[in-house]
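Chemist: please find the sequence and the predicted model below.
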Amino acid sequence: MGQSFAHASYAVLVVEDDALLLAEAVDMIEDAGFIAYEARNADEAIRKLERHSEIRVLFTDVDMPGSMDGLKLARAVRDRWPPVTIMVTSGHVDVGENDMPENGLFFAKPYPPASVMKALNGIAAEIGN
Amino acid sequence: MPQSRIFDRILLKALHLPLKGLYGLALVIAAVVATAAFRAAFVTDLLPYLFFMPVILIGTFLVGPAAGVTAILLSALLAGQSLSATNDPFSLTGKQWAAQTLFSLVNLGIVFLAVQLRRTMLVLERVAEERRCALENLGRQTGERSRLATIVEQSREFIGYADLGGRVQFVNEAGRQLVGRANADGQAEIADYFKEPDRSRFRSEILPEVARSGLWSGEVTLRHFGTGEALPVRFTIFPLVDDADARIGYGTIITDLRAQKAADAQREMLTRELAHRMKNTLAMVQAISAQTLRSARTMEEGRDAIASRLTALARAQDILTHTSWEKADIVEVVNAAIEPHRGDAGHVTISGPHLDLQTQRALGLSLAIHELATNAAKYGALSVEGGRVDMCWSADGNFFRFEWIETGGPTVEMPSARGFGSKLIERIVAAYFDGTGRLEFDPSGVRFILEGALGPGSEQKA
């Protein structure tokens, strides 16, 4: 795929406490030609963001153990890393628009891979320009 | 006095004997004639009038004045006959006529007295009867009122009333308990019991509706006078009227809905929780399917592997259902996971203490055992007679160790490609336990050693 080179220039951070879902999300993103980093909780995610400046997308679950849930993490990332695009997924039916940070994208669990891929490709195109 | 009461009762009974009219009259006549005959037979000429007097008195008392007068005339006639020298009652001397007249006058007096006595007794009887009825009625009313009062006090609903100005006059025990207010002192108004915005609503909406239709019933929020706690209730208010149907106040019945609201909230929470779990399960199914298809060589292999992995997941979920998805006993989890392979060649043993595994760990361990057992049934210790699998686990504080050891099977060769199965066993299940998973292809048999945390586990993994 010709796009792969452009894709490889930025990375996606997947934050998911369920190892099975995390493995699948990472495989899905890598198969599409992106670099994927993984984290199982918010603290780990913050450390990865500090270490890897090429991360341009945060793809996080809401329900997570630890000091922050996915929505708090999303808001923190919006404040500290404004260029990072935020994608949130959850099995909770009641994640409202008010819970989401500005310009955040929400994907209900289980999410269709195609729509996640479309969003990631859209971001890649934006960065490419 | 009991004796006089017995006499009274006999007298009253006699008053009510069925002696009215001609029947009574005939009886009185018969009594007078019989008295005259008795006198003629036994007492001869003595006391010509004396015997008739009691007959006249009793006759009048029992039958009435007409019978009395008839008895006087008949007695005078019979006495006259006995006095007369010729047996002709009308042929009498002057003295005898005077006696007859005197007798008749005296007895008319007796008749008058007897009639008065009769009337008085009847009046007294009626008064006594009315009094008895009144007392009985009063007793009934008092009883009814005290029963109603008991019901109001014992009721678990808030029951109270207020005057037309809305000042609360009475609140029952349940009501006082609900709002934490010792007693209705006539100072508080109904509106004071409400929390805003229902307080303004009471004046603007509820009272006008009561005036219009005579009833308002709905859910509102009251306040606890002590703590200010919001009290969700069903509030019913209606006008109280007097005997002339004029409105004199308001009655109210209030049902505490706190328990019901809490149950509703609990149910809603459970429903949401269930929906969430369902979504999570579907996400797991999606991940298992996608991961399986990624490493499947053929469509058939992929289909079979997905089906058997989902079956393993379902078996583990069955165990969790019994414990409301909180935790599962590891012995049950291991047994359920190995159950489909009990009939295979080879022998399975398990040993380890009862331990609670939280949801994800229980599901993960089930999937791991399923993978190991499927592999052992195809190529390992469960594929031959004499092969054996020993599963054992232990816990030391929060540290958990699980081992799967195959012996007596065919010589193990290192697999050429690692599929989702080994990824699941080594990485995913290990991550569920916040630890490590080691899959060893020792020539004498496959070994799997899982080491990790049993409790909440450390989230500070690098």
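Modeler: Here it is on my side, so go on. A quick note: this is a predicted structure, and the numbers were derived from the prediction, not measured.

Chemist: spit out the contact partners of the one residue in chain A that gets nearest to chain B.
Modeler: Here the residue of chain A nearest chain B is residue A:91; by Cβ to the nearest Cβ that distance is 3.0 Å. Bear in mind the C-beta positions are built from the backbone N, C-alpha and C, glycine included. By Cβ atoms under 8 Å, 6 or more residues apart in numbering or on different chains, the residues touching residue A:91 are A:63, A:108-110, B:275-280, B:283.

Chemist: same deal with residue B:417?
Modeler: Taking Cβ under 8 Å, 6+ apart, one finds residue B:295 in contact with residue B:417.

Chemist: please apply the same query to residue B:309.
Modeler: B:288, B:292, B:367, B:370.

Chemist: what's the pLDDT at it?
Modeler: pLDDT, residue B:309: 93.

Chemist: need the three-state assignment for it.
Modeler: helix (DSSP: H, G, I helix; E, B strand; the rest coil).

Chemist: for residue 112, phi and psi?
Modeler: In the absence of a named chain, this looks at chain A. phi -80, psi 120 (degrees, to the nearest 10).

Chemist: how much space between it and residue B:87?
Modeler: Per Cβ to Cβ, to the nearest Å, residue A:112 is found 141 Å from residue B:87.

Chemist: for residue B:28, same thing?
Modeler: 24 Å.

Chemist: so the two - more neighbours on which side?
Modeler: Neighbour totals were compared for residue B:28 and residue B:87, and residue B:28 leads with 24 against 10 (other Cβ atoms under 10 Å in any protein chain shown).

Chemist: ok, residue B:72 - contacts?
Modeler: B:56, B:103-104, B:107-108, B:111.

Chemist: and the top helix by length along chain B, how far out from the chain middle?
Modeler: In chain B, taking DSSP state H as the definition, the longest helix is helix B:94-154. When distances are taken as Cα atoms, centre = their mean, to the nearest Å, helix B:94-154 is centred 51 Å away from the chain's centroid.

Chemist: closest to residue B:240 among the contacts of residue A:91?
Modeler: Distance to residue B:240, by Cβ to Cβ, is smallest for residue B:275 among these, at 48.7 Å.

Chemist: that closest one: how many residues sit nearby?
Modeler: Residue B:275: 14 neighbours (other Cβ under 10 Å).

Chemist: the one helix or strand it maps to packs against which elements?
Modeler: Assigning secondary structure by DSSP states H and E places residue B:275 in helix B:258-295. Contacts defined by 3 or more Cβ pairs under 8 Å, 6 or more residues apart in numbering or on different chains; DSSP states H and E place helix B:258-295 against helix A:19-31, strand B:230-241, helix B:299-322, helix B:420-423.

Chemist: quick one: which of the ones you listed is nearest residue B:6?
Modeler: That would be strand B:230-241 among those, by Cβ to Cβ, at 50.7 Å.

Chemist: CA atoms of that closest one as PDB?
Modeler: What follows is strand B:230-241, C-alpha atoms only, in PDB (Å, rounded to 0.1, in the frame of the first residue of the first chain):
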ATOM      1  CA  ALA B 230     -35.400  15.000  49.800                       C
ATOM      2  CA  LEU B 231     -38.300  12.600  50.200                       C
ATOM      3  CA  PRO B 232     -39.800  11.300  47.000                       C
ATOM      4  CA  VAL B 233     -43.500  10.500  47.700                       C
ATOM      5  CA  ARG B 234     -46.900   9.900  46.200                       C
ATOM      6  CA  PHE B 235     -49.000  12.800  47.400                       C
ATOM      7  CA  THR B 236     -52.800  12.700  47.500                       C
ATOM      8  CA  ILE B 237     -54.800  15.700  48.700                       C
ATOM      9  CA  PHE B 238     -58.600  16.200  48.800                       C
ATOM     10  CA  PRO B 239     -61.000  18.700  50.500                       C
ATOM     11  CA  LEU B 240     -62.600  17.800  53.900                       C
ATOM     12  CA  VAL B 241     -66.300  18.800  54.200                       C
END
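
Chemist: check which element follows that strand along the chain.
Modeler: Next element after strand B:230-241 (DSSP H and E): strand B:247-256.

Chemist: re earlier: among the contacts of residue A:91, name the buried ones.
Modeler: A:63, A:109-110, B:276, B:279-280, B:283 (16 or more other Cβ atoms under 10 Å in any protein chain shown).

Chemist: what about the residue nearest to residue B:77 when sequence neighbours are not counted, distance to chain A?
Modeler: Spatially, and ignoring its direct neighbours in sequence, residue B:77 is nearest to residue B:89 (5.1 Å; Cβ to Cβ, 6 or more residues apart in numbering or on different chains). Plainly put, residue B:89 is 121 Å away from chain A if you go by Cβ to the nearest Cβ, to the nearest Å.
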